[in-house]
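# kindly return the folded structure for what I paste below:
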Amino acid sequence: MNYLAQWAQYLLARYSPRTVEAYLYEIRHFQDQADLLTAEASDIVNYITSERQRGISASTVARSLSALGAFYGWAQHMGLVEVSPVNGITAPRGGRRLPKALNEMETEALLQANHPPRDLVIIMLMVYAGLRLVEVAHLNRGSVDLVSDQVRVIGKGDKERIVPLHPELHQALEDWLNHKDGEPDDPLFRGYCGTRLKRRAIGDVITKAGKQAGLSRRVTPHVLRHTFATRLLRRGVNLRLIQELLGHASVATTQIYTEVVSEDLVGAVAAL
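Now for the predicted structure:
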């Protein structure tokens, strides 16, 4: 007897035959995309994403996730898997507030507007590297490695991550670093008083930049970080890689961007 048949017998002792049939259907459907016993959290999230992109409702996807959770809870108890890949993954909720990312035209308008050199570098660090406001504030000159083409970021919990530089961001940082001399431990950005640029000032830079670009809605550092993530996802970048670039502790946090892309697809179909 294979493990799915064993699981079915386990379920039949607790649920109605109709419920068991529905659970088995969901598991077999997932099995078309990934191997059950070697699946990882990213496989679960990719499955949820593909279902939403096919137009499957949030409530139906939630039921699929419930079936997967039931199976992997049993499989873990039986020693078939060490850890359930469903752990930490939340079901999509209808009406959930989504991150407000800029679209491609708005992003291009923001980047092409006439900004002071310092402000442009700050904008690009969020659009092209996905840095948080506080992470930008804490950058030193030595955080930027133009030889290795990367920036070293200290994120939440003092966790360090390395983010590669987009070619345009590389050039902007090179121009900025050559603009003034300084030591590696010096702040990358200073205010008018010569001290490290404060977080509130960085937020003001982004809001002012949005107005300068003629954008109709308010632009914030959080909006630009969302823009970075959703642009990557739209281009087919693996969710796990996006998680690492953003510095999320769990892929479940990054999962929200799959809802953004699903909303884009629904809007595109509605516009036909």
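
# quick one: residues contacting Ala172.
Pro117, Leu120, Val121, Met124 (C-beta atoms under 8 Å, 6 or more residues apart in numbering). Placement of C-beta: from N, CA and C, glycine included.

# scratch that, Glu168 is what I was asking about
The contact partners of Glu168, taken as C-beta under 8 Å, 6+ apart, are Leu111, Met124, Tyr128.

# quick one: what helix or strand has the second one in it?
Met124 is part of helix 117-127, with elements assigned from DSSP states H and E.

# pull that helix out as PDB, backbone CA atoms only.
Taking C-alpha atoms only, helix 117-127 is exported to PDB below (Å, rounded to 0.1, in the frame of the first residue of the first chain):
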ATOM      1  CA  PRO A 117      22.600  63.300  -7.500                       C
ATOM      2  CA  ARG A 118      22.200  62.300  -3.900                       C
ATOM      3  CA  ASP A 119      18.400  61.900  -4.100                       C
ATOM      4  CA  LEU A 120      18.700  59.900  -7.300                       C
ATOM      5  CA  VAL A 121      21.000  57.400  -5.700                       C
ATOM      6  CA  ILE A 122      18.600  57.000  -2.700                       C
ATOM      7  CA  ILE A 123      15.700  56.400  -5.100                       C
ATOM      8  CA  MET A 124      17.700  53.800  -7.100                       C
ATOM      9  CA  LEU A 125      18.800  51.900  -4.000                       C
ATOM     10  CA  MET A 126      15.100  51.300  -3.300                       C
ATOM     11  CA  VAL A 127      13.900  50.700  -6.900                       C
END
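
# quick one: it to chain centroid distance?
Offset of helix 117-127 from its chain centre (C-alpha atoms, centre = their mean, to the nearest Å): 20 Å.

# quick one: residues in contact with that helix.
The contact list for helix 117-127 (C-beta under 8 Å, 6+ apart) reads 107, 110-111, 115, 131, 136, 139, 151, 166, 168-169, 172-173, 175-176, 179, 189, 202, 205-206, 208-209, 221, 224-225, 227-228.

# next SSE after that helix?
helix 133-137.

# and that next one, which residues are buried?
Buried residues in helix 133-137, counting neighbours by 16 or more other C-beta atoms under 10 Å, are found at Leu133, Glu135, Val136, Ala137.

# which helices and strands does it pack with?
On a contact count with 3 or more C-beta pairs under 8 Å, 6 or more residues apart in numbering; DSSP states H and E, helix 133-137 meets helix 117-127, helix 199-212, helix 221-234.

# make TSV out of those and add distance to Thr38 and mean neighbour count.
Shown next, in TSV, are these (distance: least, C-beta to C-beta, whole Å; neighbours: other C-beta atoms under 10 Å):
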stretch	distance to Thr38	mean neighbour count
helix 117-127	36	22
helix 199-212	43	17
helix 221-234	24	22
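
# select, out of the ones you listed, the one closest to Asn87.
The closest of the helices and strands packed on helix 133-137 to Asn87 is helix 221-234. By C-beta to C-beta, the value is 22.2 Å.

# for Ile56, find the nearest of the helices and strands packed on helix 133-137.
helix 221-234 (18.0 Å).
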